[in-house]
Every structure is written in structure tokens, then in C-alpha cells.
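**Q** Kindly generate the corresponding structure for this input.
(one chain, ligands or ions: 1)
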Amino acid sequence: MSKDDTRCSERMNIAIDGPAGAGKSTVARRVAEKLGYIYIDTGAMYRAVTLAANRAGIEPTESDELGAIARRSEVILKPGAEGQIVLLDGEDVTDAIRTRDVTLRVSQVAAHQQVRARLVELQRKMAAAGGIVMDGRDIGTHVLPDAELKIFLTASVQIRALRRYRELRDEQKVPLDQLEAEIAERDRSDQEREVSPLVCADDAVVVDSTELNIDQVVEIILNLSRTKLAEAK
Ligand code: DC
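**A** Residues are numbered from 1 along each chain as shown. Down below sits the predicted model:
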């Protein structure tokens, strides 16, 4: 058995990619819990850099300034009682990174090569020991091309907008059709950017959650992971 096989039989890495609102974070968190793995939400890292840039008055078009702030900001993800906690230079920004200000700009910030280079470097370090469930847009294609299991989780834009709408607190509510248009725009921007666009990896399993609930999606992924682990033995 090679060194890589040993890792696969013990603690593999699982990559979950897909468009906004497909349910990646909830699914990835639950899969990680069930397997005793660590969950890493890479979108939260792009959001943290976007927040840092907003606070510093940097526009989403200022490539060098964005690269510099990504390199000098300390972004740490750690498990908390109610999910993952995001620290930006020691400050808990778990809620602050979910505001509309950040959501509307993050896709543009995430398109810059310098920002991606810095965050991908951190993501690969976090996954080096295995036992990770990482969600994002480019995990299976770029960040962890050797991940033992790759999932591309998708759903129709209408159902993704509806799920996001239901998640929003009253004070954050925007009309459903506006939300749908914003999600479609974020899809377009994530899919069409030059650096590591959102695409399905050739070796990913596509799971369409339009007509599935979270438990069903989690079960599909757990079954696939059991198969992978059994194959590696
Ligand atoms: O998953 P999310 O909606 O929190 O992600 C926020 C944004 O970050 C999204 O518009 C795309 C970007 N992103 C990315 O480009 N690459 C990743 N690995 C994760 C997120």
C-alpha cells in the first residue's frame, strides 16, 4: 500500500464545490461531523478578505491593494458551538462576513489572482494532514486536485434563491426576484472569471439537490465516502 493509500484508508479529503446557495456549507458541515473530520468553508475566507477590504476603503477593482490586504490579514477558521467561527486579525467576524455589503462584493474580490493565491496557500496547508471536508468553487479542480472524493453540488437558481430567502433574517430580507437575480449574477461572475472559475471537475460526482433535502444529500455523500474508504482498503 502506498503512502497515499494509507491516508485514504484513514482520513481522506472531500471537496464539495458548486454555485451559491446549493447547500454546500450545511451539507459539508454535517458530513464532517458524521465522519469526525474538520470542515473548512473557503467562501468564508474570501468573505473575510472582502470585509477587510471594505473596512480599509479598498475597491473590488484594486488588484494590488486587495492582494496586499489578503497577504497581511490573518484569517483563521475554528470550530465553535454553533458552527465555524471566523477570526479576522483576532476579531470574531462570523456574522459580519454575512452582511449584504460583503455578499454583493465578494465575488469581485475573489476574482483577483493575488487574493486567490494567498487563500489557496492557506487552504492547502489546512488540508495537508487529511480528514478535511472543504467547500468552495475550485476545491476539486485547483485547491485539492488529489482529493479522494469530489462532489459538485448544484440546484436550480430558483430553488437556491428560495432557500437563501428563507435563511435571511427579517431585517435582511430582500424581494425573492431580486435575490434570484443577484445569485444568477454571482454564478455568472464565478463561472466566467479567468482565474480558477467555478467548473465541475472531470472526476467529480454531480449531485443535484433541487428535489432533495439536506439529509438526503448528506446520506448520498456519506455513502460515496464509505465506498471510497472501502475501495482503498
Ligand atoms: O460560498 P460563499 O457564497 O460564501 O462564497 C462567497 C464567494 O466567494 C462566492 O461568490 C465565490 C467566492 N469563492 C471562490 O471564488 N472560491 C472559493 N473556493 C470559495 C468561494
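**Q** Quick check: phi and psi at the residue nearest the centre of the chain.
**A** Among the residues of the chain, the smallest C-alpha distance to the mean C-alpha position (Cα atoms, centre = their mean) belongs to Gly136, namely 2.6 Å. Listed backbone geometry of Gly136 is phi 180, psi -140, with angles given as degrees, to the nearest 10.
**Q** Please apply the same query to Ala44.
**A** Dihedral pair for Ala44: phi -60, psi -30, per degrees, to the nearest 10.
**Q** Pairing partners for the residue nearest to the centre of the chain in the sheet, please.
**A** Gly136 forms beta bridges with Asp17, as assigned by DSSP bridges.
**Q** show me the contacts for it.
**A** 15-17, 24, 41-43, 123, 143 (Cβ atoms under 8 Å, 6 or more residues apart in numbering). Every residue, glycine included, has its C-beta placed from N, CA and C.
**Q** and it, how far is that from Leu162?
**A** 23 Å (Cβ to Cβ, to the nearest Å).
**Q** Likewise for Tyr46?
**A** Applying Cβ to Cβ, one obtains 24 Å for the distance of Tyr46 from Leu162.
**Q** of the two, who's got more company?
**A** Neighbour totals were compared for Tyr46 and Leu162, and Tyr46 leads with 24 against 16 (other Cβ atoms under 10 Å).
**Q** give me the element that one is part of.
**A** helix 42-55 (DSSP states H and E).
**Q** which of the residues in whatever helix or strand comes next after that helix are buried?
**A** Using DSSP H and E, the helix or strand that directly follows helix 42-55 along the chain is helix 63-72. The neighbour-count criterion (16 or more other Cβ atoms under 10 Å) identifies 63, 65-70 as the buried residues of helix 63-72.
**Q** which helices and strands does helix 63-72 pack with?
**A** With contacts defined as 3 or more Cβ pairs under 8 Å, 6 or more residues apart in numbering; DSSP states H and E, helix 63-72 has these neighbours: helix 42-55, helix 113-127.
**Q** Kindly calculate the angle that the first one makes with helix 113-127.
**A** Going back to what we said before, that points to helix 42-55. Interaxial angle of helix 42-55 relative to helix 113-127 (axes from the mean of the first three to the mean of the last three Cα atoms, to 10 degrees): 140 degrees.
**Q** and the angle for helix 42-55 with helix 63-72?
**A** Taking the same axes, to 10 degrees, helix 42-55 and helix 63-72 form an angle of 120 degrees between their directions.
**Q** Going by neighbour count, which residues of helix 42-55 are buried?
**A** Those buried within helix 42-55 under the rule 16+ other Cβ under 10 Å are 42-54.
**Q** just those that are near the ligand?
**A** Among the buried residues of helix 42-55, proximity to the ligand is found for 42-43, 46-47 (Cβ under 6 Å from any ligand atom).
**Q** Can you tell me which of those residues lies closest to the ligand?
**A** Gly43 (2.6 Å; Cβ to the nearest ligand atom).
**Q** Which residue, neighbours along the chain excluded, lies closest to the closest one?
**A** Gly136 (6.0 Å; Cβ to Cβ, 6 or more residues apart in numbering).
**Q** how far away is the one you found from Ala56?
**A** Remark: distance between Gly136 and Ala56 (Cβ to Cβ) = 24 Å.
**Q** All set, thanks.
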